[in-house]
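[1] The sequence and its predicted three-dimensional model are supplied below.
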Amino acid sequence: MAEEQLQRFLYKVEQLNALVALIEADSELRARLAGCDTHQEVVDFASTLGLEIGRRWGESDPPAASEQRNLLASTPPPVGTEQIEVLLEKGELKLERIHSCAASTPEGQWYDQAQGEWVSLLQGSAQLRFEDEPQPRQLQAGDWLWIAPHRRHRVEATDGGRGCLWLALFLPLNLCP
C-alpha cells in the first residue's frame, strides 16, 4: 500500500471512530444511524455531523480534474447568441445547459413548446416575458421557474460580458405537473 493510500485509510478509520464515539454517547444519533438503509445514507448522516466517510475501501479516486464537468465552466458565446449543450437526453426528457450572451428572442417571436420546461438561471441576470403577463420577469442567478407546456414566452434580454448560464430540463407532457 502506498503512503498516500495508507494515510487515506487511517483518516477514514479516524472518522469512523469519531462516528462510533458520537453514537455511543447519544442514543438519538444511534437511532438515526440505525435508520440508515444504504451506504450513501450513512455517508450523508456522518456528513451532518461534520465527518467524512465517503469512499469505501478499494473505491477509486474521484476523476481527474480534466475529466470532471462543471456547469459554470463555459466560455461565453459571441455577443447576441446562445450556445446549447445537451447534458442528458432520454426519449423526450432532455437536460440542457444554455449559455447566452446579450441575447434575446427575435422581435415578435415566441416559444410555444409541447414540453414543460423547468429552468434555472445559474449565472447572470435576464428578463423573461410570458405572453399572458404585462411585464417581463427579472431573473437573477439562483432563480428558477416552471414553464407549462404551450405557455408562450420569450427572452427579452440576457447579460453580456460573461453572459447567462441556464440549466433547462424539458419534460414530456405525460410527466408535467
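    Structure received.

[2] Outside of stretch 18-37 itself, list whatever touches it.
    Outside stretch 18-37, the residues that touch it by CB atoms under 8 Å, 6 or more residues apart in numbering are 42, 45, 46, 49, 51, 53. (C-beta placed from N, C-alpha, C; glycine too.)

[3] Tell me which residues of that stretch come out buried.
    Going by neighbour count (16 or more other CB atoms under 10 Å), the buried part of stretch 18-37 is 18, 19, 22, 23, 29, 33.

[4] Out of those residues, list just those in helices.
    18, 19, 22, 23, 29, 33 (DSSP state H).

[5] re the thing from before, tell me the two of the buried residues of stretch 18-37 that are most distant?
    Across the buried residues of stretch 18-37, no pair lies farther apart than 18 and 33, at 12.8 Å, counting by CB to CB.

[6] For the spatially closest residue to residue 176 that is not a sequence neighbour, give the beta-bridge partners.
    Spatial nearest neighbour of residue 176, chain neighbours left out: residue 116 (3.8 Å); criterion: CB to CB, 6 or more residues apart in numbering. Judged by DSSP bridges, the bridge partners of residue 116 are residue 171.

[7] quick one: residue 116 and residue 145 touch, right?
    No: taking contacts as CB atoms under 8 Å, residue 116 lies outside contact range of residue 145: 11.2 Å.

[8] which of the ones in helices among the buried residues of stretch 18-37 lies closest to residue 3?
    For these, the nearest to residue 3 is residue 18 (22.6 Å; CB to CB).

[9] Which pLDDT value does the model give that closest one?
    Looking at residue 18, its pLDDT is 87.

[10] roughly how far apart are it and residue 44?
    For residue 18, the distance to residue 44 equals 16 Å [CB to CB, to the nearest Å].

[11] same deal with residue 51?
    Distance from residue 51 to residue 44, counting by CB to CB: 11 Å.

[12] In contact with residue 161, which residues are there?
    76, 101.

[13] quick one: secondary structure of it?
    Classification of residue 161 using DSSP: H, G, I helix; E, B strand; the rest coil returns coil.

[14] More neighbours: which of residue 51 and residue 44?
    Counted by other CB atoms under 10 Å, residue 51 and residue 44 do not tie: residue 51 has more neighbours, with 18 against 12.
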